[in-house]
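> quick one, structure for this:
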Amino acid sequence: MGEQHKGTGTLTFSGNTYRAVVYDLAMSMIYHGFNKIIFVTHHGSNSKVIDDVLRRLRYETGCFVCWYKTPTERAYSLVGDIFEGPPEETPGWHAGEVETSTAWAYNPDAMDMSKAKQDRTHAPRWMGDAFSKHDGSGMVTFMGAENIWVPMEHHEYSDTATIGNPLRASKEKGEKYFVKAGQALANFIEEVKKFDIVVPEEKRAFTNRA
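Numbers count the residues shown, from 1 in each chain. Coordinates of the predicted model:
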């Protein structure tokens, strides 16, 4: 599932387990009468392994299913008017302008900005100088083209774990983000409600389809 989070209090699923959980959750909801399912995530690594199970749900049942990724610096169109980092600082990911602002708005008491520092990603050192990296995705750039996907751990492409510029963050920006991102999701849900999707009754049986 990409980099693993093994700190105190975290749980890590393998890709196979994660896909099985998503599938079983969706099939349970379909069994109980739902025709449309929206999974919402803010984590990039969750999204790397999920396409095949979403397709399986769609093709097996006919339900509408999608993976909604809340806006980050890589999708600035929704929240670009809130944040001010220039292109050389964005897209930030871990502890960048967006993530630091939202953490600040969510729990101001947990913030210690004296520890904040700006940092960028790089291609894994072992790949050599011919390669570079734009952000925290799995993509690596070669000869000017960002078209190579390389599985790698977080420490291989980030020296400090920070990706972006937390020094531009503020509690107010985080509060604005929550309002705007929440409204965008609400608007999307209202549009999905209009979709004419009905799962046939014979497709609602929750059986072991392994």
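
> quick one, strands of the protein?
Taking DSSP state E, the strands of the chain run over residues 36-41, 64-69, 131-132, 139-142, 145-149.

> nearest residue to G174 other than its sequence neighbours?
A105 (2.9 Å; C-beta to C-beta, 6 or more residues apart in numbering). In this view, the C-beta of every residue, glycine as well, is placed from N, C-alpha and C.

> any low-confidence regions in the chain?
Applying pLDDT under 70 to the chain flags the ranges 1-7, 73-76, 90-92, 206-210.

> so in it, which helix runs the longest?
Counting by DSSP state H, the longest helix found in the chain is helix 171-193.

> quick revisit: residues contacting the residue nearest to G174?
K171, E172, K173, G174, E175, Y177, F178 (C-beta atoms under 8 Å, 6 or more residues apart in numbering).

> what of A123?
F131, S132, K133, V140, T141, Y157.

> so what's the third one up against?
If you count contacts by C-beta under 8 Å, 6+ apart, K133 has them with T121, H122, A123, M139, V140, T141, Y157.

> same check, this time on the first one
Contact partners of F131, counting by C-beta under 8 Å, 6+ apart, are A123, P124, V140, T141, F142, I148.

> ok, N35 touching E201?
No. With contact defined as C-beta atoms under 8 Å, N35 does not reach E201; the gap is 11.4 Å.

> more crowded one of the two?
The residue with more neighbours, out of N35 and E201, is N35; 17 against 8, by other C-beta atoms under 10 Å.

> ok, the more buried one - contacts?
Shown in contact with N35 (C-beta under 8 Å, 6+ apart): C63, F64, I197, V198, V199.
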